[in-house]
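**Q** Build me a structure from this.
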Amino acid sequence: MRVHLQRDIEKLKRRLLALGTEVEDDVRLAVRALAERNEALARQVLEREEQTNTMEVDVEEDCLKILALHQPVAGDLRQIIAAMKIDRDLERIGDLAAHIAERSLALSAMPALNIPFRLDEMGAKVQAMLKKALDAFTRLDAAAAYEVCALDGEINDIKRHTFRQVREVVMEAPVLFDALMQVMHIARHLERIADHATNIAEDLIYLVEGRIVRHTPEVATPPAPEE
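**A** Below is the predicted model:
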């Protein structure tokens with residue numbers, strides 16, 4: 001019975017990692033489409049969304065089957081709980097990548113904004129966070145997961161800076177309102193992707209350490225080693 005449980009858990013991990021790779025590609029393409037004003041890339045992201053949703057459902061069904069058939073406990077149960085939560089976060093990241101692609105298409109139809117918004121920097125940092133979170137999950141690396149949590153504040157700072165810029169520019173040039181709203185929405189979507197990457201990192205910490213760090217101010221700090 002134990003052998004069958006471990007086999008099913010390994011299959012679940014492979015499917016979850018495949019979903020993670022798919023979602024990581026979605027974000028990469030969406031950010032690139034935005035930077036290059038590339039409508040073809042943006043539409044490619046939208047076309048991939050259905051595949052991502054199908055993969056998310058498959059992972060959830062695997063989790064439910066394992067719970068029903070094996071009734072796992074202790075560490076095995078933590079793995080299934082963490083997988084279900086990470087699965088949901090990955091699905092939401094895929095949705096947000098599609099939202100960014102939609103906003104990118106809208107911006108592509110408008111004159112270019114020659115304003116130094118930090119969306120490219122934000123997109124690069126968000127991609128790095130997501131990659132680090134998924135790599136940490138692959139290696140069960142709690143230390144890397146704590147590093148992901150520590151990066152979330154940087155993304156929040158850039159989003160706040162972008163919102164301030166939008167408010168200032170819209171006061172000076174109301175004619176740019178529609179385009180500026182797209183910029184603000186994209187910054188919010190990127191910030192939400194970072195939040196979900198942080199959730200994945202927090203779930204990995206729970207999986208490895210059995211420690212719930214959500215809503216904890218010291219989340220970015222691993223526990224001190226015992227002497």
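**Q** Tell me the secondary structure at M84.
**A** Here M84 is helix, with the state taken from DSSP: H, G, I helix; E, B strand; the rest coil.
**Q** okay, now it: neighbour count?
**A** M84: 18 surrounding residues under other C-beta atoms under 10 Å. For every residue, glycine as well, the C-beta is placed using N, CA and C.
**Q** Which residue, other than its chain neighbours, is closest to it?
**A** Spatial nearest neighbour of M84, chain neighbours left out: C63 (4.7 Å); criterion: C-beta to C-beta, 6 or more residues apart in numbering.
**Q** Likewise for V208?
**A** A142 (4.3 Å).
**Q** what's stretch 84-102 in contact with?
**A** Defining contact as C-beta atoms under 8 Å, 6 or more residues apart in numbering, one finds that stretch 84-102 is touched by 16, 19-20, 22-23, 26-27, 29-31, 33-34, 41-43, 45-46, 48-49, 52-53, 56, 59-60, 63, 130, 137, 185-186, 189-190, 192-193, 196-197, 199-200, 203-204.
**Q** Which parts of this structure are helices?
**A** Shown for the chain, the helices assigned by DSSP state H span residues 2-36, 39-70, 74-108, 119-139, 142-172, 177-209.
**Q** Could I get these in TSV, plus columns for mean pLDDT?
**A** Below are those laid out as TSV (pLDDT from 0 to 100):
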stretch	mean pLDDT
helix 2-36	91
helix 39-70	91
helix 74-108	93
helix 119-139	94
helix 142-172	93
helix 177-209	94
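**Q** Show me the contact partners of stretch 59-77.
**A** Contact with stretch 59-77 is made by 1, 4-5, 8-9, 11-12, 15-16, 19, 79-80, 83-84, 87-88, as judged by C-beta under 8 Å, 6+ apart.
**Q** mind redoing it with 10 Å?
**A** Identification of contacts with stretch 59-77 by C-beta atoms under 10 Å, 6 or more residues apart in numbering yields 1-2, 4-6, 8-9, 11-20, 78-88, 90-91, 207-208, 210.
**Q** any idea how far the closest residue to V27 other than its chain neighbours is from K132?
**A** Excluding the flanking residues, the one nearest V27 by C-beta to C-beta, 6+ apart is A97, at 4.8 Å. To K132, A97 is 17 Å away according to C-beta to C-beta, to the nearest Å.
**Q** Tell me how many other residues surround the residue nearest to V27.
**A** 28.
**Q** residues touching V175, list them.
**A** For V175, the contacting residues are P111, by C-beta under 10 Å, 6+ apart.
**Q** if I look at it, how far off is L113?
**A** V175 is 12 Å from L113, by C-beta to C-beta.
**Q** Also M171?
**A** From M171 over to L113 (counting by C-beta to C-beta), the distance is 15 Å.
**Q** the more surrounded of these two?
**A** Shown here are M171 and L113; by other C-beta under 10 Å, L113 has more neighbours (15 against 8).
**Q** Which residue, neighbours along the chain excluded, lies closest to that one?
**A** A179 (5.6 Å).
**Q** who's in contact with that neighbour?
**A** A179 is in contact with A106, L107, A109, M110, P111, A112, L113, I115, V166, V169, V170, A173, counting by C-beta under 10 Å, 6+ apart.
**Q** Could you double-check that the third one sits in contact with E39?
**A** Yes. Between A109 and E39 there is a contact at 8.6 Å, judged by C-beta atoms under 10 Å.
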